[in-house]
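sequence plus the predicted model coming up.
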Amino acid sequence: MPHVFEMADPADAARGIAAARRALEAGALVAMPTETVYGLAADATNPRAVAGIFEAKGRPRFNPLIVHVPDVAAARARVTLGETGNRLAGAFWPGPLTLVATPRPAGGGIAAIADLVQAGLPTLAIRVPRHPVAEALLRAFGRPLAAPSANRSGHVSATTATHVAADLDDRVAVILDAGPAPMGVESTIVDVSGGVPVLLRPGSVPRAAIEAVLGARLATPERAAVLAPGMMTSHYAPEVPLRLDATSVAPGESLLAFGPALPPGAEGAVATVNLSPSADLREAAASLFAALRVLESRGAPIAAMPIPAAGLGEAILDRLRRAAAPR
Ligand code: TXA
Ligand code: MG
């Protein structure tokens with residue numbers, strides 16, 4: 001059983017950070033809350049610990065990890081951000097933006113990031129989370145943390161400590177429970193390693209906010225290369241089928257609702273979860289993964305209502321499309 005600490009309780013929080021730090025130093029895994037989703041963290045400079053992340057999640061070795069650091073200076077020690085990256089870091093860090101950038105060669109007395117983190121890619125993904133517990137852990141530990149979302153590979157991401165325990169059980173040594181992750185969908189990933197910034201994954205920072213800072217459009221990745229394997233077609237998948245843009249509910253289906261007006265057949269749904277009765281996209285993002293887990297537990301196929309594509313809707317729809325994709 002993982003050791004769970006209630007971070008809302010100051011005494012437990014202090015014990016939790018100390019226990020997490022010891023676990024990380026021993027090469028074990030820690031579930032760390034962030035503003036987006038819970039991360040499954042390991043010492044990014046310890047190859048065995050990083051390998052443990054892939055084992056615990058059942059994650060393919062070709063899928064690289066995001067490195068988490070406490071502040072922009074620590075990020076700059078690891079990667080060359082360039083002009084675009086510096087603008088975005090200034091505007092959004094700490095916060096739910098991951099930058100894919102060119103790593104600096106190891107040296108200068110700082111331990112090298114384990115090769116497995118980049119999974120053979122020439123770039124490194126890095127982010128500065130905006131969450132007091134993540135920041136406290138990063139500072140206490142003093143080394144960067146590699147952390148994917150704390151779910152089994154391909155499954156719905158974890159936004160609560162309960163989700164983490166359900167997916168990973170004793171593969172994680174310590175869970176720092178800070179309640180539900182506030183934003184609920186993962187960081188936006190932008191590749192700033194080349195000439196033009198590329199939106200690799202829509203996420204909690206809306207595309208338009210990034211484009212406003214840059215005064216330019218973000219490019220879309222080439223389909224051929226699976227550059228961010230979280231872009232693999234099937235991902236975020238509940239154990240039951242899910243269909244998109246449902247304008248009615250068939251007998252035997254559950255309903256993933258959005259907005260005040262429910263479609264025909266809703267009264268007969270096996271179960272209904274409304275992502276936001278007032279049609280608020282922030283609320284919908286924050287409740288998305290928990291809603292999918294609740295409906296999955298009911299065992300019936302899910303009919304998902306349409307969601308607007310603007311703002312955070314782009315990230316929500318991205319997750320739902322992958323949840324709906326053939327497995
Ligand atoms: O909000 C988040 O980003 C959360 C929290 C825990 O920080 N983390 C997260 O990690 O979503 P993960 O591993 O579930 O998704 C990271 C994505 C994967 O799709 C991975 O392929 C991509 O980032 N990625 C990592 N390094 C990359 C790189 N060098 N180039 C392109 N994509 C990369
Ligand atoms: Mg993930």
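Received it, and whenever you're ready, just let me know what you need. Numbering: from 1, shown residues only. Ligands and ions are numbered 1, 2, ... in the order given.

any weak-confidence spans in the stretch 151-300 of the chain?
Along the stretch 151-300 of the chain, the parts satisfying pLDDT under 70 run over 223-232.

all helices of it, in order?
Taking DSSP state H, counting those that start in this stretch as the test, the helices found in the stretch 151-300 of the chain are 161-168, 207-214, 281-298.

turn these into TSV, columns for mean neighbour count and distance to ligand 1.
C-beta coordinates here come from the backbone N, C-alpha and C atoms, glycine included. Compiled in TSV, the helices of the stretch 151-300 of the chain are given as follows (neighbours: other CB atoms under 10 Å; distance: least, CB to the nearest ligand atom, whole Å):
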stretch	mean neighbour count	distance to ligand 1
helix 161-168	21	11
helix 207-214	16	15
helix 281-298	21	11
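
a markdown table for those, including distance to residue 112?
Listed next are the helices of the stretch 151-300 of the chain as a markdown table, based on distance: least, CB to CB, whole Å:
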| stretch | distance to residue 112 |
| --- | --- |
| helix 161-168 | 27 |
| helix 207-214 | 30 |
| helix 281-298 | 33 |
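
nearest to residue 261, of those?
Taking CB to CB, helix 281-298 is the member of the helices of the stretch 151-300 of the chain nearest to residue 261, at 14.9 Å.

and the angle from that closest one to helix 161-168?
Helix 281-298 and helix 161-168 are oriented at 50 degrees to each other (axes from the mean of the first three to the mean of the last three CA atoms, to 10 degrees).

other residues contacting helix 281-298?
By CB atoms under 8 Å, 6 or more residues apart in numbering, the residues outside helix 281-298 that reach it are 37, 156-160, 163, 166, 180-185, 204, 236, 238-240, 242, 254, 256, 258, 270-271, 273, 275-276, 302, 307-308, 310-313, 315-316, 319-320, 323.

give me every residue that touches the residue nearest to the spatial centre of the chain.
In the chain, the centroid-proximal residue (CA atoms, centre = their mean) is residue 186; its distance is 3.3 Å. Shown in contact with residue 186 (CB under 8 Å, 6+ apart): 36, 37, 96, 149, 157, 201, 203, 204, 230, 315.

again, 10 Å this time
Residues near residue 186 by CB atoms under 10 Å, 6 or more residues apart in numbering: 34, 36-37, 39, 66, 96, 98, 127, 148-149, 157, 201-204, 230, 236, 289, 315, 318-319.

residue 152 too?
By CB under 10 Å, 6+ apart, the neighbours of residue 152 are 56, 57, 58, 59, 158, 166, 167, 168, 171.

strands along the stretch 1-150 of the chain, start to end?
For the stretch 1-150 of the chain, the strands defined by DSSP state E, counting those that start in this stretch occupy 3-6, 30-32, 39-43, 66-68, 79-80, 97-103, 124-127, 145-146.

could you redo these as a markdown table and give each row mean neighbour count?
Listed next are the strands of the stretch 1-150 of the chain as a markdown table, based on neighbours: other CB atoms under 10 Å:
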| stretch | mean neighbour count |
| --- | --- |
| strand 3-6 | 18 |
| strand 30-32 | 28 |
| strand 39-43 | 29 |
| strand 66-68 | 26 |
| strand 79-80 | 19 |
| strand 97-103 | 23 |
| strand 124-127 | 26 |
| strand 145-146 | 26 |
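
in JSON lines, list those along with mean pLDDT and distance to ligand 1.
JSON lines is the format used below for these (pLDDT from 0 to 100; distance: least, CB to the nearest ligand atom, whole Å):
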{"stretch": "strand 3-6", "mean pLDDT": "98", "distance to ligand 1": "18"}
{"stretch": "strand 30-32", "mean pLDDT": "98", "distance to ligand 1": "7"}
{"stretch": "strand 39-43", "mean pLDDT": "98", "distance to ligand 1": "3"}
{"stretch": "strand 66-68", "mean pLDDT": "98", "distance to ligand 1": "5"}
{"stretch": "strand 79-80", "mean pLDDT": "98", "distance to ligand 1": "10"}
{"stretch": "strand 97-103", "mean pLDDT": "98", "distance to ligand 1": "4"}
{"stretch": "strand 124-127", "mean pLDDT": "98", "distance to ligand 1": "3"}
{"stretch": "strand 145-146", "mean pLDDT": "98", "distance to ligand 1": "9"}
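
Serialize these to TSV and add fields for distance to residue 221.
As requested, the strands of the stretch 1-150 of the chain are exported to TSV (distance: least, CB to CB, whole Å):
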stretch	distance to residue 221
strand 3-6	38
strand 30-32	28
strand 39-43	23
strand 66-68	17
strand 79-80	19
strand 97-103	11
strand 124-127	14
strand 145-146	22
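
between those strands, which one is nearest to residue 20?
Closest approach to residue 20 among the strands of the stretch 1-150 of the chain (CB to CB): strand 30-32, 4.5 Å.

having no further points to raise, I will conclude here.
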